[in-house]
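Peer 1: give me a 3D structure for the following:
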Amino acid sequence: YNAAASGMSSDGTVVGTIAAGVAHDGAGNPNVASTSVDNQVTYDATDPVSTIDDPEHGEVYNAASWTDPIAGGANDPLVSGTSSGVEKVEVSIQQGSGNWWGGSSFDQATEQFLDATGTTGWTLAFPASNFPSDGLYTVHARATDVAGNVESSPTATFTYDTTDPTVVSVAPSRVLVSDDDVGADEFAVTAVFSETMDTGSTPGLVFDPDVAGGATPTLSNGSGSWSATAVANDTYTVVYDVADQNVDVRDITIDVTGGEDLAGNDQQDYTPQSEFSIDTLNPAVLSVTVNDTLLADADVGAWQFQVT
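Peer 2: Numbers count the residues shown, from 1 in each chain. Predicted coordinates for the structure are as follows:
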């Protein structure tokens, strides 16, 4: 005898029992009340929930910082004290807005899910060598519980970047520093990089000749800050105090070192160029001469005496 159960309004345990005297055999004998121990099932209409722990959404990775395997967790929420449990977790990986990973390359035109290892804690092997190029990638996880409920699932979009940043330009605030520029925050150097940089890694500016070092520097108290030219945090500016050290220094080059992008790639070597000069040297009188050391009556008249 089969009995259909319906009308469940929430998750929980469905128990089937047969009361005494509701069934009779051919001789008219009534049944006794059921005592079965396998007369209950779990009713679960709630989707499981998965998480993606690695990679992190919005993060930037290179070959060294990429974490293999892709990993996360999943659970089937308890409702009224019951759940059916997580049966499996599947993962898809998309390259930009293009193809999905098919197991050996990004060759699937439609979303392809691959079975992860584990359930409440799951992993999917994906070494850095699988990335065909730099760019955006999206990981999509999908958990299914024992009752067959499939979640709408989370995603994590990240950037894979193995390209070293470059210095696009270096520009001083003036090409000649003179006595008129002496004072606090009167000189600046701006370096623009090819991409967003890690603001936790401070680039260094190296002057040749070294007018910012030694016992009597013309430039001192450099203070750096980041800003945007083409993209966020691609521009580093250092502002200096200018001192009058009575020097004349020509064709000063500026090297930029130590920059690092968000993925941890070190900047490419920059070839310094002649950028500016400093002239705070006070002029000196080298000689004074006159055209006549003795003025007499014979010298009277216009333009007769000259001092050089």
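
Peer 1: hey, let's count contacts and neighbours off CA atoms from now on
Peer 2: Noted.

Peer 1: confirm S129 sits in a helix?
Peer 2: Yes - membership of S129 in a helix is supported by DSSP: H, G, I helix; E, B strand; the rest coil.

Peer 1: gap between it and D185?
Peer 2: 48 Å (C-alpha to C-alpha, to the nearest Å).

Peer 1: F276 now?
Peer 2: The gap separating F276 from D185 is 17 Å, by C-alpha to C-alpha.

Peer 1: what's the local residue count around the residue nearest to E260 when sequence neighbours are not counted?
Peer 2: With sequence-adjacent residues excluded and distances taken as C-alpha to C-alpha, 6 or more residues apart in numbering, E260 is closest to D266, at 4.6 Å. Using other C-alpha atoms under 10 Å, the number of residues around D266 comes to 19.

Peer 1: same check on the one 5 residues further on?
Peer 2: Burial measure for T271: 10 neighbouring residues, criterion other C-alpha under 10 Å.

Peer 1: what is the closest residue to it other than its chain neighbours paired to in the beta sheet?
Peer 2: Spatial nearest neighbour of T271, excluding adjacent residues (C-alpha to C-alpha, 6+ apart): D255 at 6.8 Å. Using DSSP bridges, the bridge partners assigned to D255 are V206.

Peer 1: didn't D255 look like it was pressed against Q268?
Peer 2: No - between D255 and Q268 there is no contact under C-alpha atoms under 8 Å: 11.9 Å.

Peer 1: counting by contacts, list what the strand or helix carrying H140 packs against.
Peer 2: H140 is part of strand 135-145 when elements are defined by DSSP states H and E. Counting by 3 or more C-alpha pairs under 8 Å, 6 or more residues apart in numbering; DSSP states H and E, the packing neighbours recorded for strand 135-145 are strand 49-54, strand 86-95, strand 155-160.

Peer 1: residues in contact with that strand?
Peer 2: Strand 135-145 is contacted from outside by 47-52, 55, 74, 76, 84-96, 150-161, using C-alpha atoms under 8 Å, 6 or more residues apart in numbering.

Peer 1: which one's more surrounded, S129 and D185?
Peer 2: When S129 and D185 are compared for neighbours, D185 comes out ahead with 17 against 8, by other C-alpha under 10 Å.

Peer 1: mind listing what that one touches?
Peer 2: D185 makes contact with V239, Y240, D241, V242, according to C-alpha under 8 Å, 6+ apart.

Peer 1: so it, which state does it fall into?
Peer 2: Here D185 is strand, with the state taken from three-state DSSP.

Peer 1: which residues of the stretch 101-250 of the chain score low on pLDDT?
Peer 2: Within the stretch 101-250 of the chain, no range satisfies pLDDT under 70.

Peer 1: from S227, how far out is the residue nearest to D179 when sequence neighbours are not counted?
Peer 2: Spatially, and ignoring its direct neighbours in sequence, D179 is nearest to T280 (5.2 Å; C-alpha to C-alpha, 6+ apart). T280 sits at a distance of 31 Å from S227 (criterion: C-alpha to C-alpha).

Peer 1: who's more crowded, the two?
Peer 2: Neighbours were tallied for T280 and for S227 using other C-alpha under 10 Å; the higher tally belongs to T280 (21 against 15).

Peer 1: roughly how far does the more buried one sit from P77?
Peer 2: Going from T280 to P77 by C-alpha to C-alpha gives 75 Å.

Peer 1: with W122 instead?
Peer 2: Per C-alpha to C-alpha, W122 is found 17 Å from P77.

Peer 1: these two: which has the busier surroundings?
Peer 2: Legend: neighbour count by other C-alpha under 10 Å for W122 and P77, higher for W122 (23 against 18).

Peer 1: that one against A71, yeah?
Peer 2: Yes - between W122 and A71 there is a contact under C-alpha under 8 Å: 5.7 Å.

Peer 1: ok, now which ones touch I252?
Peer 2: Each residue near I252 by C-alpha under 8 Å, 6+ apart is listed here: F207, D208, P209, S274, E275, F276, S277.

Peer 1: and the residues you listed, which are buried?
Peer 2: Buried members of the contacts of I252, scored by 16 or more other C-alpha atoms under 10 Å, are F207, D208, E275, F276, S277.

Peer 1: what's the closest non-adjacent residue to V239?
Peer 2: Spatial nearest neighbour of V239, excluding adjacent residues (C-alpha to C-alpha, 6+ apart): A188 at 4.3 Å.

Peer 1: can you classify that neighbour as helix, strand or coil?
Peer 2: Following three-state DSSP, A188 is assigned to strand.

Peer 1: quick check: S133 vs D76, distance?
Peer 2: 36 Å.

Peer 1: compare the two (neighbour count), which wins?
Peer 2: Ranked by neighbour count (other C-alpha under 10 Å), S133 and D76 place D76 first, with 24 against 12.

Peer 1: got the phi/psi numbers for N282?
Peer 2: Here the main-chain torsion angles of N282 (degrees, to the nearest 10) amount to phi -70, psi 140.
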